[in-house]
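[1] predicted model, plus sequence, below.
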Amino acid sequence: MKLKKTVYLALLTAISLILFVLENQIPAPIPVPGVKLGLGNVVVVAVLFLYGRWEALAVLLVKIPLSAILTGNLGALAYSLSGGLLSWGGMCLLKGLLSTRQLWVASVLGAMLHNLGQLLAAIAIAATPGLIAYLPVLLLSAMITGFFTGIAAQAAVNRMHKKK
């Protein structure tokens, strides 16, 4: 049973990477750094609700460095890690309070925390507190994209529950 779970998690991690790479081929919806759909995060949210906290963290911690390597953007590692870990932590706190029908709520919070984590990392790295001015735009975009990625994750979780 452990092997089967490991194989599923590896496949889901690969799907997350593929979605990430595909998303990088899509032009940004608005020209603000950090604003993107977050398609790879659909898988992380789904894994959180299908398998659990630690499995979602494992997928996240494999996905982030591999994404940086695949895109040749190792400089983004600090931003992705700070955003991803803050997002994961917030979604873990909400997970116990939500049903799979409310999964999208965790995704919205996760997207908002992801953008906040990235922004805090940018402020720390660039030593530029003025970057906080981006926060309203980033939070609004996170609410919108987090909703859509949450609906996609919710559909995936519901479909996978039916298959079991």
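    Perfect, thanks for sending it.
[2] any idea how far Leu19 is from the closest residue in space to Ser16 that isn't next to it in sequence?
    Distance criterion C-beta to C-beta, 6 or more residues apart in numbering; nearest residue to Ser16, sequence neighbours excluded, is Val43 at 3.7 Å. Placement of C-beta: from N, CA and C, glycine included. Distance of Val43 to Leu19, given as C-beta to C-beta, to the nearest Å: 7 Å.
[3] likewise Ala127?
    Distance from Ala127 to Leu19, by C-beta to C-beta: 33 Å.
[4] and for Pro65?
    Computed as C-beta to C-beta, the Pro65 to Leu19 distance reads 16 Å.
[5] buried residues of stretch 57-69, list them for me.
    Leu57, Ala58, Val59, Leu60, Val62, Lys63, Ile64, Leu66, Ser67, Ala68 (16 or more other C-beta atoms under 10 Å).
[6] one more: stretch 128-147?
    Leu131, Tyr134, Leu138, Leu139, Ser141, Ala142, Thr145, Gly146.
[7] how far does it sit from the chain's center?
    15 Å (C-alpha atoms, centre = their mean, to the nearest Å).
[8] and the helices in this protein, which stretches?
    Using DSSP state H, the helices found in the chain span residues 2-24, 40-50, 53-71, 77-95, 103-126, 135-163.
[9] using CSV, write down the CA coordinates of the fifth one.
    Think helix 103-126. The C-alpha atoms that make up helix 103-126 are tabulated as CSV, following Å, rounded to 0.1, in the frame of the first residue of the first chain:
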residue,chain,number,x,y,z
LEU,A,103,-11.9,23.1,-0.6
TRP,A,104,-11.9,26.2,-2.7
VAL,A,105,-11.8,28.4,0.4
ALA,A,106,-8.5,26.8,1.5
SER,A,107,-7.2,27.5,-2.0
VAL,A,108,-8.1,31.2,-1.9
LEU,A,109,-6.4,31.5,1.5
GLY,A,110,-3.4,29.6,0.2
ALA,A,111,-3.1,31.8,-2.9
MET,A,112,-3.3,34.9,-0.8
LEU,A,113,-0.6,33.6,1.7
HIS,A,114,1.5,32.5,-1.2
ASN,A,115,1.6,36.0,-2.7
LEU,A,116,2.2,37.5,0.8
GLY,A,117,5.1,35.1,1.4
GLN,A,118,6.6,36.0,-2.0
LEU,A,119,6.2,39.7,-1.3
LEU,A,120,7.8,39.4,2.1
ALA,A,121,10.7,37.5,0.6
ALA,A,122,11.1,40.2,-2.1
ILE,A,123,11.1,42.9,0.5
ALA,A,124,13.7,41.1,2.5
ILE,A,125,15.9,40.3,-0.4
ALA,A,126,15.7,43.7,-2.1
